[in-house]
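> need the 3D shape of this:
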Amino acid sequence: MTPPELGLRANLAQFSLLVVVNAFVGAMVGMERTILSPLAAEEFHLEAKVAILSFIVVFGVSKALTNYVAGRLSDARGRKAVLVGGWLVAAPVPFLLMWAPSWAWVLFANLLLGVSQGLTWSTTVIMKIDLAGPKNRGLAMGLNEFAGYFAVAGSALATGYVAANWSLRPEPFYLGVGYVAFGLGLSALLVKESHAHVRHEAALAGALAPDDAPSQREVFWRTTLTDRELSSVTQAGLVNNLNDGMAWGLFPLIFAAAGLGLAEIGWLAALYPAVWGASQLVTGALSDRVGRKWLIAGGMAVQAVGIAVVATGAGVPAFALGQVLLGVGTAMVYPTLLAAIGDVAHPSWRASSVGVYRLWRDLGYAIGALAAGLVADAFGVPAAVWGAAALTLLSGAVVAVRMRETFAEKARKETV
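Residues are numbered from 1 along each chain as shown. Purely as a prediction, here's the structure:
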């Protein structure tokens with residue numbers, strides 16, 4: 001039997017299909033980014049910031065834990081089955097948000113959304129890494145994250161427009177029904193299993209000796225703490241999503257307090273993931289040329305500046321500038337982190353390492369939302385925003401000091 005060919009060109013049809021599927025995955029999250037915080041305040045009369053941000057905590061924890069399981073499941077059961085299962089879990093979410101009689105229903109919907117995102121987004125990442133092979137891993141991750149986060153932006157803009165012209169419920173969530181229908185249909189009918197590609201790459205990389213093959217426990221601790229590169233990547237991913245969780249929950253409240261309407265809030269909420277998504281078309285491929293380390297460290301610094309600009313802003317121009325900087329900084333970091341894991345982890349345990357990384361990264365949503373809510377309730381919203389900026393800058397410094405370059409060609413040049 002002829003082994004499958006690795007590379008973007010050889011797998012263009014399936015890779016492109018997975019890009020489209022991940023756009024629908026991102027759109028499911030985007031439908032909440034503009035309207036759920038106002039919905040909590042206006043329809044459910046929640047006042048405490050930690051209560052308003054509770055939906056992000058539930059989403060982040062459920063997604064993080066599912067990410068960890070998804071990596072193992074995709075190795076054991078195959079990628080496609082996990083992808084289709086994730087879409088089935090997402091099916092009730094738009095209806096729960098439309099008809100929720102209490103905030104508890106919204107929290108349950110976000111639990112399901114987190115599980116679904118963990119299964120679907122993790123699997124599209126793993127499948128693209130499988131198909132791309134080692135040469136264009138940064139570009140592959142840039143395309144994947146571009147599709148997901150550009151769709152987050154488009155969906156945030158669309159739901160903000162619908163809410164401004166109709167109401168907060170149920171009309172904006174009609175879009176979610178369409179996202180599920182298309183995402184599930186494409187995944188079930190057209191996506192093909194990519195297990196053969198990873199087996200072929202593992203054979204090319206060479207089989208690990210029994211003493212070198214890590215257990216799941218060893219993969220967890222390597223990725224979390226003991227491996228300099230993997231653990232540096234992991235802490236940066238956690239802090240990146242910590243500030244995103246803060247931005248998701250508090251930025252709409254900051255914009256509303258400045259007197260902006262739902263349509264303007266929708267544009268601003270869409271601007272950050274739009275810049276983030278589009279810029280990854282450049283940054284993912286750039287990491288294949290200049291390396292991973294300094295894009296990550298620099299990107300965290302740019303994010304910190306963007307958050308600070310929003311914290312000091314008082315109108316649309318300043319808020320927009322802050323959102324653009326935050327988007328550019330995140331684009332420098334996001335696909336590069338995934339590419340760095342692909343550089344370091346052996347193909348035989350790469351999916352598991354990605355799962356551990358995404359466990360900690362998406363716990364950042366929950367930690368960020370919970371910490372931001374507690375700090376905002378105790379000291380005010382500006383203190384919570386400045387705290388996130390300081391942590392982001394510190395995380396970039398950790399990468400600069402501790403992490404070594406992982407991209408093989410760049411690393412070789414630095415050691416010659």
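
> surely residue 4 and residue 200 touch.
Yes - taking contacts as CB atoms under 8 Å, residue 4 lies within contact range of residue 200: 5.6 Å. Where C-beta positions appear, they are placed from N, C-alpha and C, glycine not excepted.

> check contacts around residue 407.
By CB atoms under 8 Å, 6 or more residues apart in numbering, residue 407 lies in contact with 138, 287, 288, 291, 292, 339, 340, 343.

> and if you look at residue 369?
Contacts of residue 369 (CB under 8 Å, 6+ apart): 53, 54, 56, 57, 60, 245, 246, 248, 249.

> buried ones in the strand or helix carrying residue 32, by neighbour count?
If you go by DSSP states H and E, residue 32 is part of helix 12-33. Neighbour counts over helix 12-33 (16 or more other CB atoms under 10 Å) mark 14-15, 17-33 as buried.

> what's the helix or strand just after that helix in contact with?
As assigned by DSSP H and E, the chain's next helix or strand after helix 12-33 is helix 36-42. Outside of helix 36-42, the residues within contact range by CB under 8 Å, 6+ apart are 46-47, 51-53, 55, 103, 106, 163, 168-169, 249, 252-253, 256, 262, 265.

> give me the mean pLDDT for helix 36-42.
Taken as a whole, helix 36-42 has a mean pLDDT of 81.

> can you name every helix or strand that the next helix or strand along the chain from it contacts?
Sequence-wise, the next helix or strand downstream of helix 36-42 (DSSP H and E) is helix 49-52. Contact partners of helix 49-52 among helices and strands, from 3 or more CB pairs under 8 Å, 6 or more residues apart in numbering; DSSP states H and E: helix 36-42, helix 228-257, helix 350-379.

> pull out the buried residues from the following helix or strand past the second one.
Proceeding N to C from helix 228-257, the next assigned helix or strand is helix 262-290, under DSSP H and E. Along helix 262-290, the positions that meet the burial threshold by neighbour count (16+ other CB under 10 Å) are 262, 264-281, 283-288.

> spit out the contact partners of the residue lying closest to residue 21 once chain neighbours are set aside.
Nearest-residue entry for residue 21: residue 186, 5.3 Å, with adjacent residues in sequence omitted and distances by CB to CB, 6 or more residues apart in numbering. For residue 186, the contacting residues are 17, 20, 21, 24, by CB under 8 Å, 6+ apart.

> pLDDT value on residue 186, please?
At residue 186, pLDDT is 96.

> sketch out the low-pLDDT regions of the protein for me.
Within the chain, the stretches with pLDDT under 70 are 1, 134, 201-213, 408-416.

> rewinding a little: looking at the contacts of residue 407, spot the one nearest residue 79.
Of all the contacts of residue 407, residue 339 has the smallest distance to residue 79: 18.7 Å, by CB to CB.

> contact partners for residue 260?
268, 316.

> state the distance from it to residue 233.
Note on residue 260: its distance to residue 233, by CB to CB, to the nearest Å, is 36 Å.

> same check on residue 68?
16 Å.

> looking at these two, which is more packed in?
Using other CB atoms under 10 Å as the criterion, residue 68 and residue 233 rank with residue 233 on top: 31 against 23.

> let me know whether that one touches residue 354 as I believe.
No - using CB under 8 Å as the test, residue 233 is too far from residue 354 to be in contact (10.5 Å).

> mind listing the shared neighbours of those two?
Shared contacts of residue 233 and residue 354, defined by CB under 8 Å, 6+ apart, comprise residue 341.

> run a quick neighbour tally on residue 261.
Residue 261, neighbours per other CB under 10 Å, totals 11.

> residue 188 versus that one, what's the distance?
40 Å.

> go on, residue 239?
From residue 239 to residue 188 the distance is 36 Å (CB to CB).

> so for those two, which sits in the more crowded spot?
Legend: neighbour count by other CB under 10 Å for residue 239 and residue 188, higher for residue 239 (28 against 13).

> give me the element the closest residue to that one other than its chain neighbours is part of.
Among residues not flanking residue 239 along the chain, residue 395 sits closest, at 3.8 Å (CB to CB, 6+ apart). Under the criterion of DSSP H and E, residue 395 resides in helix 381-402.

> neighbouring contacts of that helix?
Residues external to helix 381-402 that are found in contact with it (CB under 8 Å, 6+ apart): 49, 228, 231-232, 235-236, 239-240, 242-243, 246-247, 250, 253-254, 257, 293-294, 296-301, 303-305, 307-308, 310-311, 368, 371-373, 375-376.

> wait, residue 53 sits on residue 251?
No - applying CB under 8 Å, one finds residue 53 not in contact with residue 251, separated by 11.5 Å.

> looking at those two, which is more packed in?
Shown here are residue 53 and residue 251; by other CB under 10 Å, residue 53 has more neighbours (32 against 24).

> so how far is residue 246 from that one?
Residue 53 is 9 Å from residue 246, by CB to CB.

> could you check the distance from residue 154 over to residue 33?
Plainly put, residue 154 is 11 Å away from residue 33 if you go by CB to CB.

> which residues are in contact with both of the two?
Residues touching both residue 154 and residue 33 (CB under 8 Å, 6+ apart): residue 270.

> phi, psi for the residue lying closest to residue 214 once chain neighbours are set aside please.
Nearest non-adjacent residue to residue 214, counting by CB to CB, 6+ apart: residue 349, 5.8 Å away. For residue 349, the backbone dihedrals (degrees, to the nearest 10) come out as phi -130, psi 20.

> residue 313 too?
phi -80, psi 160.

> surely it touches residue 325?
No - Residue 313 lies out of contact with residue 325 (CB under 8 Å); the separation is 11.3 Å.

> for those two, indicate the residue with more neighbours.
Between residue 313 and residue 325, counting by other CB under 10 Å, residue 325 is the more crowded of the two (21 against 18).

> packing partners of the host helix or strand of the more buried one?
Secondary structure assignment for residue 325, by DSSP H and E: helix 316-344. The criterion is 3+ CB pairs under 8 Å, 6+ apart, and the helices and strands that helix 316-344 contacts are helix 103-132, helix 137-165, helix 228-257, helix 262-290, helix 293-312, helix 350-379.
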